[in-house]
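Student: I would like to see how this sequence folds:
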Amino acid sequence: MGTLKTEPARTRPDLLAPPVAAALGRWPTDAPVDVADVLVAPIDATLADTAAFCAAYEVGLDESANCVVVAGKREGSVRYAACVVLATTRVDVNGMARRALDVRKASFAPMADAVELTGMEYGGITPIGLPDGWPVLVDSRVVAAPYVIVGSGVRHSKLALPGVALGALPHAQMIEGLAKPVE
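Tutor: Sure thing, here's the model as predicted:
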């Protein structure tokens, strides 16, 4: 995990967005990963974007996961989902994500909508603590990773946890091919 200084996330609510702290407080005891294995590390908020973060903290792109909010309309209502992919890949928004949302066209949700609906900071949105009922689409490469680094809901820290934990979140769907390799 590079040069990150981690500690159990539940012990540091000051490093988490409120919805993330609340979700960790409700972490199921029968989850495949114990909540104590969900770690958090403070970072420089100006380095929260993936490329800058990985370079500054010596974290490989294959260990860093991005969580993006996608949206699409169906029958007049907007459907949202969070997509979690490794930083070495990009979400197949109008392929796999669109089909999973069951919409004609999908796109990245506007920043203001993503921030307001999640209660998290842009650039720190994470799949832990999302609104009830939101699908969490997780690329199979993320689930297979021993540990991944992902946002914490705020820009001044990152979470580190086993990839399998992301695939076991409420409303999570592991999707083979959700992401395409970056070329």
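
Student: mind listing the strands for the chain?
Tutor: For the chain, the strands defined by DSSP state E occupy 7-8, 39-42, 65-74, 77-86, 89-91, 106-108, 136-139, 148-151, 157-161, 172-175, 179-181.

Student: how about the ones you listed in CSV, adding distance to residue 1?
Tutor: Quick note: C-beta positions are derived from backbone N, CA and C, even for glycine. Below are the strands of the chain laid out as CSV (distance: least, C-beta to C-beta, whole Å):
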stretch, distance to residue 1
strand 7-8, 12
strand 39-42, 8
strand 65-74, 13
strand 77-86, 15
strand 89-91, 20
strand 106-108, 28
strand 136-139, 20
strand 148-151, 7
strand 157-161, 5
strand 172-175, 22
strand 179-181, 21
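
Student: Can you list the buried residues in stretch 35-50?
Tutor: Buried residues in stretch 35-50, counted by 16 or more other C-beta atoms under 10 Å: 35, 38, 39, 40, 41, 42, 43, 47, 48, 50.

Student: hmm, back to that, adding mean pLDDT and distance to residue 97, write the strands of the chain out as CSV.
Tutor: Formatted as CSV, the strands of the chain follow (pLDDT from 0 to 100; distance: least, C-beta to C-beta, whole Å):
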stretch, mean pLDDT, distance to residue 97
strand 7-8, 98, 32
strand 39-42, 98, 27
strand 65-74, 95, 5
strand 77-86, 96, 5
strand 89-91, 96, 6
strand 106-108, 95, 5
strand 136-139, 97, 6
strand 148-151, 98, 17
strand 157-161, 98, 22
strand 172-175, 95, 8
strand 179-181, 93, 9
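
Student: To residue 114, which of those lies closest?
Tutor: strand 65-74 (4.2 Å; C-beta to C-beta).

Student: strands paired with the closest one, and their directions?
Tutor: Neighbouring strands of strand 65-74 in its sheet, by DSSP bridges, are strand 77-86 (antiparallel), strand 106-108 (antiparallel).

Student: Take those and write them to JSON lines, including mean neighbour count and distance to residue 28.
Tutor: Output for the strands paired with strand 65-74, formatted as JSON lines (neighbours: other C-beta atoms under 10 Å; distance: least, C-beta to C-beta, whole Å):
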{"stretch": "strand 77-86", "mean neighbour count": "21", "distance to residue 28": "19"}
{"stretch": "strand 106-108", "mean neighbour count": "18", "distance to residue 28": "29"}
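
Student: now what about stretch 98-112, what contacts it?
Tutor: 68-74, 79-81, 93-94, 97, 117, 122, 135, 137, 173, 175, 178 (C-beta atoms under 8 Å, 6 or more residues apart in numbering).
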